[in-house]
Every structure is written in structure tokens, then in C-alpha cells.
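J.: Model the structure of this input:
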Amino acid sequence: MGIASKAGDWAFKAFTASLGVATVYLTATFSVNVYKGLAWHKAQSTYKDTTLSLYVFRSKR
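T.: All right, here's what the predicted structure looks like:
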């Protein structure tokens, strides 16, 4: 094996390793964003449900 072949092997290994790191990073950030989005949505729904129930309760008086 020549020097160019070894350099190509190392370049390929570095490239595939960087793809693996990028995949792990994107998976982690996506999971965090989904969690935050669901938490935000739940908070919004709770607020709307509370407001609606107070409105219905007051209008029945």
C-alpha cells in the first residue's frame, strides 16, 4: 500500500466518523426540540382549556 492509499483510507475514515458525529448531534437536537415542542403545546392547550372552561362556567350563571 502506498502513501496515497493510506491517506485516502484515513480521509474516508475521518469523513465517515464526522457523518456519525453529525447524525448523533442531529438526532439529539431533534429529540430535544420535539420534547420542547410537546411541552409548549401542552402548556398552550392547558391555558386554552382553562380559559374556555371559565368562560362556559361564567356564561351558565
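J.: For this protein, which segments count as helices?
T.: Secondary structure of the chain (DSSP state H): helices located at 3-59.
J.: tell me the centre residue of it?
T.: Phe30 (1.6 Å; Cα atoms, centre = their mean).
J.: From Ile3, how far off is it?
T.: Distance of Phe30 to Ile3, given as Cβ to Cβ, to the nearest Å: 40 Å. Quick note: C-beta positions are derived from backbone N, CA and C, even for glycine.
J.: Same check on Leu38?
T.: 53 Å.
J.: who has more neighbours, these two?
T.: Between Leu38 and Ile3, counting by other Cβ atoms under 10 Å, Leu38 is the more crowded of the two (10 against 7).
J.: any idea of the pLDDT on that one?
T.: In the prediction, the pLDDT value recorded for Leu38 is 93.
J.: and if you look at Tyr55?
T.: On the pLDDT scale, Tyr55 gets 61.
J.: and if you look at the one 3 residues further on?
T.: Each residue has a pLDDT score; the one for Arg58 is 62.
J.: before we move on, what about Ala43?
T.: Taking Ala43 on its own, its pLDDT is 84.
J.: Could you report the neighbour count for it?
T.: Neighbours of Ala43 using other Cβ under 10 Å come to 10.
J.: List the residues that contact it.
T.: For Ala43, no contacting residues are found, by Cβ atoms under 8 Å, 6 or more residues apart in numbering.
J.: Tell me the spacing between it and Thr29.
T.: Counting by Cβ to Cβ, the gap from Ala43 to Thr29 is 21 Å.
J.: try Ala39
T.: Look at Ala39 and Thr29: by Cβ to Cβ, they are 16 Å apart.
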